[in-house]
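Sharing a model prediction with you, sequence too.
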Amino acid sequence: KLKDMLLKYALYIILLLLLVVIVAIKPNFLSVGNLISILKQASTKGILAYGVAGIIILAGTDLSVGRVLGLCAAVAASMLQSVTFASRYYPSITEPLPLILPFLVCVAIAVIISAFNGFGMAKLHMHPFIVTLGTQLISYGLCCIYIENQPSGSTQALSSLDARYVGLATGSIDIFGFKLPYLVIIFLLLGVVTWIVWNKTRFGKNMFALGANEEAARVSGVNVFATNIMVFALAGAMYAVTGFIEGARVASNTANTGLNYESDAIAACVIGGVSFVGGIGKIRGIVIGVLMLRLIFVGLNMIGINQDLFYIIKGGPGCGKSSFMKTIGRAAEEKGLDVEYVLCSGDPESVDGVYFPALHTGYADGTAPHVLEAVTPGAAGLYLDLSRFYDRLALQPERRTIEQLQRRYQSLYREAYTKLAALAPAACRLPDA
């Protein structure tokens with residue numbers, strides 16, 4: 001059991017040990033001021049992660065995150081420069097604009113771009129990697145053109161912002177003597193809203209069902225096109241919120257604002273347990289993932305570690321899982337078992353799970369838990385991806401909650417696990433149901 005627990009929580013254990021080392025070297029790392037600063041930095045990346053996580057649950061991805069954010073930040077900053085600043089982007093604005101107006105403009109921009117990504121994925125059947133790579137470049141180009149076409153003729157950073165706008169990112173509320181930043185409050189509130197949308201609405205159930213099995217969801221009556229568009233649009237709204245806030249936090253916006261933010265958001269989702277296979281993800285996991293990343297990055301920076309190593313850390317979680325799944329597949333092959341590798345984003349080097357077509361579930365319809373499941377309805381094979389339980393037929397009224405699904409499939413899980421253990425013992429590293 002200890003071995004299973006260590007395997008399941010290996011990434012968290014490693015990160016916690018690293019934090020212990022950092023604290024031992026720099027005890028002031030845990031100072032209140034430093035922790036608040038870390039929370040503020042994590043908040044913007046966390047809001048982005050809320051958005052991109054929904055897309056990952058659909059078994060997609062979004063490479064345009066950072067550039068859409070940068071475009072929104074540039075637009076918001078240009079509209080909210082101080083009216084006393086002589087070289088402001090819009091000299092015709094002589095009275096401060098209400099903050100809600102630039103915010104709504106940002107939301108419109110981000111939602112349109114993200115909805116286009118959803119349209120390309122759902123209607124044109126384009127791979128999300130391709131369509132979001134295209135909108136990433138388009139957004140960056142638009143941002144560069146926007147910043148370079150200032151009425152003053154310069155390409156200076158968009159700065160000298162309205163004090164109200166800057167206060168949104170730097171201000172805080174006093175709670176019994178503790179100053180809680182507005183950024184953190186917004187991050188937590190949006191987390192609650194996202195949790196409600198994911199877990200308490202039909203749209204949320206449709207999103208998880210679609211990510212788990214598109215064909216089964218379509219047969220169950222889910223509007224695949226509309227759900228895709230809504231998930232991407234919701235993600236765009238999150239990018240807009242982050243872009244609006246980040247424009248104020250940075251206070252000097254250039255075309256590089258938002259660079260590589262997508263890697264932070266996606267890495268936080270991976271650490272938090274959002275599966276690229278689709279259909280799996282938790283808000284609390286995302287929060288833990290983004291906080292872990294930010295704690296590690298700030299801590300390593302404080303003890304003088306080369307910042308270039310941070311990119312390696314961000315890429316580690318996905319590569320680690322891929323390597324582990326390959327090991328399981330090879331062990332099963334050595335036992336003479338037929339194995340098919342499930343690729344992440346079509347990349348032959350990125351293995352997200354292994355499929356055993358010869359192992360039977362014992363159920364005619366082929367359904368099973370997400371830990372060991374039939375890939376397609378009616379199939380007899382088992383799919384292994386070391387993730388939490390999830391039912392492909394979750395829309396059925398009598399089996400809506402995860403807890404109900406776990407109870408329903410415990411006996412099936414044990415049966416399937418026993419068969420897999422008999423044929424490929426080296427591949428069995430799963431805890432009991």
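Arrived safely, thanks for sending. This is a predicted model, so every value here is computed, not measured. Residues are numbered from 1 along each chain as shown.

my guess is residue 187 contacts residue 48, does it?
No - counting by CB atoms under 8 Å, residue 187 stays clear of residue 48, with 10.4 Å between them. Any C-beta I mention is one placed from the backbone N, CA and C, and that applies to glycine too.

and those two? which has more neighbours close in?
residue 48 (31 against 25; other CB atoms under 10 Å).

so the more buried one is in which element?
According to DSSP states H and E, residue 48 maps onto helix 32-57.

who's in contact with the nearest residue to residue 159 once chain neighbours are set aside?
Counting by CB to CB, 6 or more residues apart in numbering, residue 159 lies nearest to residue 252, which is 4.4 Å off, once chain neighbours are set aside. Going by CB atoms under 8 Å, 6 or more residues apart in numbering, residue 252 touches 157, 158, 159.

How about the first one, nearest residue that isn't a chain neighbour?
Closest residue in space to residue 157, ignoring its immediate chain neighbours: residue 252 at 4.3 Å, by CB to CB, 6+ apart.

in the stretch 101-250 of the chain, which spans are strands?
Counting by DSSP state E, counting those that start in this stretch, the stretch 101-250 of the chain has strands at residues 172-175, 178-181.

Columns distance to residue 24, mean neighbour count and mean pLDDT on top of these, output as CSV?
Formatted as CSV, the strands of the stretch 101-250 of the chain follow (distance: least, CB to CB, whole Å; neighbours: other CB atoms under 10 Å; pLDDT from 0 to 100):
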stretch, distance to residue 24, mean neighbour count, mean pLDDT
strand 172-175, 30, 11, 88
strand 178-181, 26, 14, 87
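
I'd like these laid out as CSV, including distance to residue 27.
Formatted as CSV, the strands of the stretch 101-250 of the chain follow (distance: least, CB to CB, whole Å):
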stretch, distance to residue 27
strand 172-175, 25
strand 178-181, 21
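
and of those, who's closest to residue 213?
Nearest to residue 213, of all these, is strand 178-181, at 41.0 Å by CB to CB.

where's the residue nearest to residue 157 relative to residue 50, distance?
Distance, residue 252 to residue 50, by CB to CB, to the nearest Å: 26 Å.

follow-up on the earlier one: what helices or strands is the helix or strand just after the helix holding residue 48 leaning on?
Counting by DSSP H and E, the next helix or strand C-terminal to helix 32-57 is helix 65-79. For helix 65-79, the elements it packs on are helix 32-57, helix 100-122, helix 128-148, helix 224-250, helix 261-271, judged by 3 or more CB pairs under 8 Å, 6 or more residues apart in numbering; DSSP states H and E.

Using a markdown table, lay out those helices together with mean pLDDT.
Shown next, in a markdown table, are the helices and strands packed on helix 65-79 (pLDDT from 0 to 100):
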| stretch | mean pLDDT |
| --- | --- |
| helix 32-57 | 91 |
| helix 100-122 | 96 |
| helix 128-148 | 94 |
| helix 224-250 | 95 |
| helix 261-271 | 89 |
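
export the ones you listed to CSV and tack on distance to residue 179?
CSV is the format used below for the helices and strands packed on helix 65-79 (distance: least, CB to CB, whole Å):
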stretch, distance to residue 179
helix 32-57, 7
helix 100-122, 24
helix 128-148, 33
helix 224-250, 16
helix 261-271, 25
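
just so I know, which of the ones you listed lies nearest residue 2?
helix 261-271 (22.3 Å).

tell me which residues of whichever helix or strand comes after the closest one are tucked away?
Where DSSP H and E defines the elements, the next helix or strand beyond helix 261-271 is helix 283-302. Residues of helix 283-302 classed as buried: 283, 285-300 (neighbour count, 16 or more other CB atoms under 10 Å).

List the residues that contact residue 94.
Contacts of residue 94 by CB under 8 Å, 6+ apart are residue 83.

related to what we said a few turns ago, helices and strands around the helix holding residue 48, which ones?
So helix 32-57, by 3+ CB pairs under 8 Å, 6+ apart, packs with helix 65-79, strand 178-181, helix 182-200, helix 202-212, helix 224-250, helix 261-271, helix 283-302.

Tabulate the CA atom coordinates of the fourth one in PDB.
In other words, helix 202-212. Only the C-alpha atoms of helix 202-212 are listed here, as PDB (Å, rounded to 0.1, in the frame of the first residue of the first chain):
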ATOM      1  CA  ARG A 202     -26.200  20.500 -17.300                       C
ATOM      2  CA  PHE A 203     -23.500  22.300 -19.300                       C
ATOM      3  CA  GLY A 204     -20.900  21.000 -16.900                       C
ATOM      4  CA  LYS A 205     -22.100  17.400 -17.100                       C
ATOM      5  CA  ASN A 206     -22.200  17.700 -20.900                       C
ATOM      6  CA  MET A 207     -18.600  19.000 -21.000                       C
ATOM      7  CA  PHE A 208     -17.300  16.000 -19.000                       C
ATOM      8  CA  ALA A 209     -19.400  13.500 -21.000                       C
ATOM      9  CA  LEU A 210     -18.200  15.000 -24.300                       C
ATOM     10  CA  GLY A 211     -14.600  14.900 -23.100                       C
ATOM     11  CA  ALA A 212     -14.900  11.300 -22.000                       C
END
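
re earlier: dump the helices and strands packed on helix 32-57 into a markdown table; add distance to residue 19 as well.
What follows is the helices and strands packed on helix 32-57, written out as a markdown table (distance: least, CB to CB, whole Å):
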| stretch | distance to residue 19 |
| --- | --- |
| helix 65-79 | 26 |
| strand 178-181 | 22 |
| helix 182-200 | 20 |
| helix 202-212 | 32 |
| helix 224-250 | 25 |
| helix 261-271 | 14 |
| helix 283-302 | 6 |
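
and residue 10, which of the ones you listed is closest to it?
Nearest to residue 10, of those and by CB to CB, is helix 261-271 at 11.6 Å.

and the closest one with helix 283-302, angle?
Between helix 261-271 and helix 283-302, the angle comes out at 120 degrees (axes from the mean of the first three to the mean of the last three CA atoms, to 10 degrees).

Now do the residue nearest to residue 159 against residue 72, distance only.
According to CB to CB, residue 252 and residue 72 sit 16 Å apart.

Also residue 119?
20 Å.

returning to what we had before: how near is the residue nearest to residue 159 to residue 98?
From residue 252 over to residue 98 (counting by CB to CB), the distance is 23 Å.
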